[in-house]
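Participant: Need coordinates for the following:
(2 chains)
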Amino acid sequence: MLKDITIGQFFPGNSVLHRMDARFKIIITALFIAMLFSANTIIGLLPGILFMALCYALSKIPFRLMLKSLKPIIPIILFTSLLNIFFLDGVVLLRVGFVRITYDGILFTVMMILRIAALIAGSSLLTYTSSPISLTDAVESLLSPLKKLRFPVHELSMMMSIALRFIPTLIEETDKIMSAQKARGADMESGGLLHRAKALVPILIPLFVSAFSRAMELALAMECRCYQGGEGRTRLKVLHSKGADYIGLTIAMLFLDATVLVDLLL
Amino acid sequence: MENIIEIKDVNFRYHNSDEEDLGVNVLEHINLNIKKGEFVAILGHNGSGKSTLAKLCNAILTPSSGVVLSYGFDTSDEQNLFDIRKKIGMVFQNPDNQLVATVVEEDVAFGLENIGVPTDEMRKRVDEALRAVDMYEYREHAPHKLSGGQKQRVAIAGIIAMKPECIVLDEPTAMLDPRGRNEVMNTIRMLNRDYGITIVLITHYMEEAAEADRIIVIDGGAVMLDGKPEDVFSQVALLKSVGLDVPQVTDLMYCLKEQGFPADTHIISEEAAFDLLYRLLL
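Facilitator: Next up, the predicted model:
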């Protein structure tokens, strides 16, 4: 059950998008989010969605993966659409008792669904096409001006990459502890919310204890390998920006302009 | 041969977090020298102080009294820390808890990044180290998808990329299945034989210790036996009295000898045991 999460997963490949500089991909993703949120009409969303479709085509990531990334957010989409559809004012289309559906409500709901879906699918593409390590490197590089303000940029990116490294290990561990507690007769599947939350305690405590002892050992291993913070460190992979990165950035900017233009014109 | 690690009259006791003395010496009056190019196994059961001894070698721990000189550097002097650790690498028991990066080659590069090796040079050394432990084709894999033996070999690659002269391995095979144990032992032997790296192997597997040039048995914080594997294992009764085993063939020889057969307890390999049994039976 814990292994089905696809958000944040990396799918190795050799497409244009895979080879792009992760720093540019982060900036482009930010531009993409700006496209989605600067649009006020459904037509205004079109450039953004078109841009996303173009990126997916370039990335050669299978279409079903995109659908899979949307699965976890279906409940959120359903919940907010129900609220929007019934409670927005506007031209009334249908009225049953005190419930009414308005034209504006439908329009807004469709737009919101498109926006959320595009947001998740589009930003997932960032992690689908960039290795966690290139992402943390990119974050470190993008935040590096903050070093002047004594912000611990290197430490932050180190923490991110260690967290990423240990997510699968800790998930495995959680599965093991759950099995062990089940074997001892722990009941995690029945009862009310409170009961289930309580049932998590015997899983979380051993998990925390083991995470701390892992952290101690890892720190020791890092020290043995001469780790002494970000000072004087070199990198195996240095981020290089190429022509393609600037072209990608330009295209993203053009799409953002298109979004703003469409909204202005309509 | 020159001594690379000199342990001189070392006592060690642990302190709790308030710097309060816990009162028990974990190691007592240890005097040891490790020579260049040696393959030393340190044996001892749980709590004998063998891991503590290993941690003294590369200045993770410093002696409560006495001196540890690693490559001539006093481990108690913090200024020497990185000089010592560049020369003496350490591999731990749990392979999961010593891999830092999410990609194999990035992990191997971690130590090199720390000591500021230029990128081109780093690339070469990472590839070399991965080829040496036969993990080159896995260089772009995620560590959590590897088997225990493979993870441990990646950890070893991360150490040898730093070109140490000595590697201390603290029960590197304890969490592995027999196959992984074999892979790791083959790698360790190869590093000692082909690269001339001094190996200090902490273990509680007698068969692994039997492959070393020299065995040091630690019990109750003191050196109990120190010598060639054949000589150490021939002391079957003494080893058994402190709860340690001997290799199965040696045990067999010991039983035969007790029954009055002309068996030799210096035998630690199956081939030698076979030859002797064959002669006995003829």
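
Participant: Could you measure from B:Tyr254 over to A:Leu194?
Facilitator: 63 Å (C-beta to C-beta, to the nearest Å). The way it works is simple: take the backbone N, C-alpha and C, and place the C-beta from them, glycine included.

Participant: For those two, indicate the residue with more neighbours.
Facilitator: B:Tyr254 (22 against 8; other C-beta atoms under 10 Å in any protein chain shown).

Participant: Leaving out the residues flanking it, which one is nearest to that one?
Facilitator: B:Val236 (4.3 Å; C-beta to C-beta, 6 or more residues apart in numbering or on different chains).

Participant: Spell out which residues of the stretch 51-200 of chain B are next to chain A.
Facilitator: Counting by C-beta under 8 Å from any C-beta of the partner chain, the stretch 51-200 of chain B comes close to chain A at B:58, B:60, B:82, B:85-86, B:89-90, B:92, B:94, B:96-103, B:105-106, B:109-119, B:122-123, B:126, B:140, B:142-144, B:158-159, B:162.

Participant: Now intersect those residues with the helices, please.
Facilitator: B:82, B:85-86, B:105-106, B:109-114, B:119, B:122-123, B:126, B:158-159 (DSSP state H).

Participant: Could you pull up the residues touching B:Gln93?
Facilitator: B:170-172, B:174-175 (C-beta atoms under 8 Å, 6 or more residues apart in numbering or on different chains).

Participant: Now do it, the pLDDT please.
Facilitator: Note on B:Gln93: pLDDT of 91.

Participant: Leaving out sequence neighbours, find the closest residue to it.
Facilitator: Closest to B:Gln93 by C-beta to C-beta, 6+ apart is B:Glu171, at 4.5 Å.

Participant: can you check A:Val99 too?
Facilitator: Here the residue nearest A:Val99, using C-beta to C-beta, 6+ apart, is A:Phe86, at 5.9 Å.

Participant: Tell me the helix or strand right after the helix or strand where that neighbour lies.
Facilitator: Using DSSP states H and E, A:Phe86 maps to helix A:74-87. From helix A:74-87 onward toward the C-terminus, using DSSP H and E, the following helix or strand is strand A:92-96.

Participant: What parts of the stretch 101-250 of chain A come near chain B?
Facilitator: Contact residues, the stretch 101-250 of chain A versus chain B (C-beta under 8 Å from any C-beta): A:131-133, A:161-162, A:164-165, A:168-169, A:172, A:214, A:217-218, A:220-228, A:232-238.

Participant: In helices only, show me these.
Facilitator: Those of these lying in helices (DSSP H): A:132-133, A:161-162, A:164-165, A:168-169, A:172, A:214, A:217-218, A:220-224.

Participant: all strands of chain B, in order?
Facilitator: Assigned by DSSP state E, chain B shows strands spanning B:3-15, B:21-35, B:39-43, B:65-70, B:73-74, B:88-91, B:166-170, B:198-203, B:214-219, B:222-227.

Participant: JSON lines for the ones you listed, including distance to A:Val16 and mean neighbour count?
Facilitator: Formatted as JSON lines, the strands of chain B follow (distance: least, C-beta to C-beta, whole Å; neighbours: other C-beta atoms under 10 Å in any protein chain shown):
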{"stretch": "strand B:3-15", "distance to A:Val16": "52", "mean neighbour count": "17"}
{"stretch": "strand B:21-35", "distance to A:Val16": "54", "mean neighbour count": "16"}
{"stretch": "strand B:39-43", "distance to A:Val16": "51", "mean neighbour count": "25"}
{"stretch": "strand B:65-70", "distance to A:Val16": "51", "mean neighbour count": "18"}
{"stretch": "strand B:73-74", "distance to A:Val16": "51", "mean neighbour count": "16"}
{"stretch": "strand B:88-91", "distance to A:Val16": "40", "mean neighbour count": "26"}
{"stretch": "strand B:166-170", "distance to A:Val16": "43", "mean neighbour count": "25"}
{"stretch": "strand B:198-203", "distance to A:Val16": "47", "mean neighbour count": "24"}
{"stretch": "strand B:214-219", "distance to A:Val16": "58", "mean neighbour count": "23"}
{"stretch": "strand B:222-227", "distance to A:Val16": "63", "mean neighbour count": "17"}
